[in-house]
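In: just the structure for this:
(one chain, ligands or ions: 1)
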Amino acid sequence: MSLRLSGVSYSHPNGQSALQAIDLQVAAGEQLAIIGPSGAGKTTLLRLLSTSLQPVSGTLSLLEQQPAQLSGRALRRLRSRIGLIHQSPPLPPRQRVVTAVLAGRLGQWSLLRALLSLCYPVDAAGARQELARLDLADKLFQRCDQLSGGQLQRVGIARTLYQQPDLLLADEPVSAMDPVLADHTLGLLGAVARERGIPLVASLHAVDLALRHFPRVLGLRDGRVLFDKASSEVSQTDLASLYANDSLTSAAAPSHPQAGALRPGRC
Ligand SMILES: Nc1ncnc2c1ncn2[C@@H]1O[C@H](COP(=O)(O)OP(=O)(O)OP(=O)(O)O)[C@@H](O)[C@H]1O
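Out: Residues are numbered from 1 along each chain as shown. Purely as a prediction, here's the structure:
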């Protein structure tokens, strides 16, 4: 099993609980979308899976290793095998796109090669190839601060694909893209994961994209798994329960008599 969580809980340092008793298993080659309302814990879960956070309780196993038990060096090696696509990629504004993409392999290169790559692109052809798959080859030598939000998101994706990870994670990877690009990009991520036989786990706000591109969907609400099933089995009732917002519904109730239609079980 590529990824296994047993009874995993996480609270932020200020005491805010974000995840409670999560059980989850994802096998090599599986593709899972995480959906749920704002604040449900989707980003927190992905940060645990990328080892940037540690569970406060429960056990987490990634690529057959338990991050909590690894030495600093072994943890760095594990991290170099996990690719996380960020909603807003943390790219230095003045950095050239080619350098940003090549940085995907910094964790795998020798110190000398990594330093060289920061000064001079050691594999511009490789970076161009990844960018071309995202229709961005013409931006190879442009600066990151000269790109749109959707273009930056694609540079972040090219960087993670260039990394060639064994576990592919994505946090709202297409939130800044138009519908056609979003569809193309999710199709590409799915195809890459399939070709390489690696797991893909992505959080998405666009439920239609999650259901269309992912065979399995996990609904997260208030830090708990509400459902985890084949996308073909996700019902309108599941979605109504997942996204029910009692405070918005009751706030709207006095002036909008129809607001009751938003309540679970009425859709
Ligand atoms: N750094 C932090 N410190 C304290 N609480 C946090 C922090 N980051 C997130 N939280 C809280 O943890 C919970 C889960 O947040 P998380 O960002 O994982 O949700 P999300 O499902 O990704 O939301 P969104 O869809 O809005 O991005 C929320 O209650 C949030 O307020």
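In: which SSE is the most centrally placed residue in the chain in?
Out: Centroid-nearest residue in the chain: A170, 1.7 Å away (criterion: Cα atoms, centre = their mean). Here A170, judged by DSSP states H and E, is contained in strand 167-171.
In: remind me what that strand packs against, helices and strands.
Out: Helices and strands touching strand 167-171, by 3 or more Cβ pairs under 8 Å, 6 or more residues apart in numbering; DSSP states H and E, are helix 42-49, strand 82-85, helix 149-163, helix 179-196, strand 200-203. To be clear about C-beta, it is placed using only N, CA and C from the backbone, and glycine gets the same treatment.
In: mind putting those into JSON lines with mean neighbour count, distance to L218 and mean pLDDT?
Out: As requested, these are exported to JSON lines (neighbours: other Cβ atoms under 10 Å; distance: least, Cβ to Cβ, whole Å; pLDDT from 0 to 100):
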{"stretch": "helix 42-49", "mean neighbour count": "22", "distance to L218": "9", "mean pLDDT": "97"}
{"stretch": "strand 82-85", "mean neighbour count": "23", "distance to L218": "17", "mean pLDDT": "96"}
{"stretch": "helix 149-163", "mean neighbour count": "23", "distance to L218": "21", "mean pLDDT": "96"}
{"stretch": "helix 179-196", "mean neighbour count": "16", "distance to L218": "16", "mean pLDDT": "96"}
{"stretch": "strand 200-203", "mean neighbour count": "26", "distance to L218": "9", "mean pLDDT": "98"}
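In: distance to the ligand added to these, as TSV?
Out: Shown next, in TSV, are those (distance: least, Cβ to the nearest ligand atom, whole Å):
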stretch	distance to the ligand
helix 42-49	3
strand 82-85	13
helix 149-163	15
helix 179-196	16
strand 200-203	6
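In: in JSON lines: these, plus distance to A240.
Out: Shown next, in JSON lines, are these (distance: least, Cβ to Cβ, whole Å):
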{"stretch": "helix 42-49", "distance to A240": "19"}
{"stretch": "strand 82-85", "distance to A240": "29"}
{"stretch": "helix 149-163", "distance to A240": "30"}
{"stretch": "helix 179-196", "distance to A240": "24"}
{"stretch": "strand 200-203", "distance to A240": "20"}
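In: nearest to L226, out of these?
Out: Closest of these to L226 is helix 42-49, at 12.4 Å (criterion: Cβ to Cβ).
In: can you list the buried residues in the helix or strand just after the closest one?
Out: Downstream of helix 42-49, the next assigned helix or strand under DSSP H and E is strand 57-62. Going by neighbour count (16 or more other Cβ atoms under 10 Å), the buried part of strand 57-62 is 58, 60-62.
In: what is the nearest of the residues you listed to L134?
Out: Looking across the buried residues of strand 57-62 and measuring by Cβ to Cβ, the closest to L134 is L62, at 26.3 Å.
In: excluding chain neighbours, what is closest to the closest one?
Out: L3 (5.8 Å; Cβ to Cβ, 6 or more residues apart in numbering).
In: picking up where we left off before, and the residue nearest to the centre of the chain, what does it touch?
Out: By Cβ atoms under 8 Å, 6 or more residues apart in numbering, A170 lies in contact with 46, 84-85, 157, 160, 189, 200-203.
In: and G149, by the same measure?
Out: G149 touches 88, 176, counting by Cβ under 8 Å, 6+ apart.
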